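**Q** For reference, the sequence and a predicted model appear below.
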Amino acid sequence: MNAELEGQVAIVTGGASGIGAATVALLAEAGARVVAADLQEARGGPGRFVPHDVTDEAAWRRLLDDVLDREGRLDILVNNAGISGRMGSIESTDVALWQKVQAVNSEGVFLGCQTAIEGMKKTGPGKPAAGGSIVNVSSIAGLQAGNGAIAYSASKGAVRLLTKSVALYCAEKKYAIRCNSVHPGGVDTPIFDNLWQMVGREPGKAFLDARHPIGHMAEPRELAEVILFLASGRSSFVTGAEFVADGGMTTGLMRRPPLGAS
């Protein structure tokens with residue numbers, strides 16, 4: 001067993017499925033004690049499940065108190081929880097959808113970072129742990145503009161710059177807390193279930209596979225590996241960085257068949 005995170009404690013939001021569940025499993029394999037925080041229950045798998053709403057400030061306080069009381073420390077936070085909302089342009093997106101997506105994807109990450117800093121300071125220099133690592137899951141939609149999912153793109157762009165601001169703040173305060181963001185391309189997770197229902201899983205996945213120069217969508221574990229690197233001491237000199245794991249989608253233009261083409 002790889003025990004590079006032995007003795008460390010991690011929280012993974014959205015830990016019940018997709019990238020979150022894969023991250024919980026991988027961090028646990030590396031020796032961490034992992035709390036999977038999610039609105040939906042995490043069944044089976046490693047780690048301890050805690051019901052959690054990332055948009056609720058009081059819920060973050062309860063989660064931190066629970067982790068510090070039961071585990072005694074906090075070393076890693078993975079802000080992974082997110083929603084796609086529905087597709088919508090600037091003209092078709094209503095305020096309710098905009099606010100819902102921002103509340104989960106942007107404000108939830110803000111609250112997570114704020115809470116994690118408080119917890120990591122309590123186990124910081126001169127105490128059992130030495131700072132910690134915050135990993136925020138953004139998206140390539142936070143790097144490239146798109147007019148079809150404006151609320152989602154704006155929320156993920158906010159995560160990108162929030163990450164850098166947190167990294168700079170912690171560095172100035174000498175908290176020994178690093179903060180980085182991960183920007184996936186297409187990952188085969190339940191976030192695409194609505195698309196599969198509309199066009200069928202097989203043709204939908206073939207279309208998305210073809211949009212990745214590497215030839216396929218990612219599996220959740222492939223993103224979890226990037227998150228493990230950023231959570232571990234192997235990335236000790238990395239903070240305020242954005243790690244793009246998109247199979248080459250943002251490297252340049254590529255001919256792509258339209259959905260439904262043979």
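**A** Yes, it's here.
**Q** How about Ala241: what's its closest non-neighbour residue?
**A** Computed as Cβ to Cβ, 6 or more residues apart in numbering, the closest residue to Ala241 that is not its neighbour in sequence is Asn180, at 4.9 Å. Placement of C-beta: from N, CA and C, glycine included.
**Q** which residues make contact with stretch 100-109 from outside it?
**A** Residues external to stretch 100-109 that are found in contact with it (Cβ atoms under 8 Å, 6 or more residues apart in numbering): 13, 54-55, 79, 81-85, 136, 151-152, 154-156, 158-159, 162.
**Q** What helix or strand is Ser181 located in?
**A** Using DSSP states H and E, Ser181 sits within strand 177-184.
**Q** just to revisit the earlier point, inside helices: which ones of the contacts of stretch 100-109?
**A** Secondary structure defined by DSSP state H assigns 151-152, 154-156, 158-159, 162 of the contacts of stretch 100-109 to helices.
**Q** Going by distance to Ile191, which of those wins?
**A** Nearest to Ile191 among those is Tyr152, at 10.0 Å by Cβ to Cβ.
**Q** my guess is the closest one meets Arg86, correct?
**A** No: applying Cβ atoms under 8 Å as the test, Tyr152 and Arg86 come out as separate, 9.2 Å apart.
**Q** Which one's more surrounded, these two?
**A** When Tyr152 and Arg86 are compared on other Cβ atoms under 10 Å, the one with more neighbours turns out to be Tyr152, at 25 against 13.
**Q** which residues touch that one?
**A** Taking Cβ under 8 Å, 6+ apart as the definition of contact, the neighbours of Tyr152 are 84-85, 101, 105, 139, 141.
**Q** what about 7 Å?
**A** For Tyr152, the set of contacting residues under the criterion of Cβ atoms under 7 Å, 6 or more residues apart in numbering consists of 84-85, 101, 141.
**Q** State the distance from it to Thr93.
**A** When Cβ to Cβ, to the nearest Å is the yardstick, Tyr152 and Thr93 sit 10 Å from each other.
**Q** average pLDDT across stretch 41-56?
**A** Across stretch 41-56, pLDDT averages out at 90.
**Q** How far away from the center of its chain is that stretch?
**A** Centroid separation for stretch 41-56 versus its chain: 14 Å, with Cα atoms, centre = their mean, to the nearest Å.
**Q** on that earlier part again, please name every helix or strand in contact with the strand holding Ser181.
**A** Contact analysis of strand 177-184 by 3 or more Cβ pairs under 7 Å, 6 or more residues apart in numbering; DSSP states H and E lists helix 108-122, strand 132-137, helix 150-173, helix 220-231, strand 242-245 as its packing neighbours.
**Q** Name every strand pairing with that strand and say which way it goes.
**A** The partner list of strand 177-184 in its sheet, established with DSSP bridges, is strand 132-137 (parallel), strand 242-245 (parallel).
**Q** Give me the contact list for that strand.
**A** Applying Cβ under 7 Å, 6+ apart, the contact partners of strand 177-184 are 113, 117, 120, 131-140, 142-143, 159-160, 163, 166-167, 170, 218, 223, 226-227, 230, 238-246.
**Q** Out of the helices and strands packed on strand 177-184, which one sits most buried?
**A** Using mean count of other Cβ atoms under 10 Å, the stretch among the helices and strands packed on strand 177-184 with the greatest mean number of neighbours is strand 132-137 (a mean of 27).
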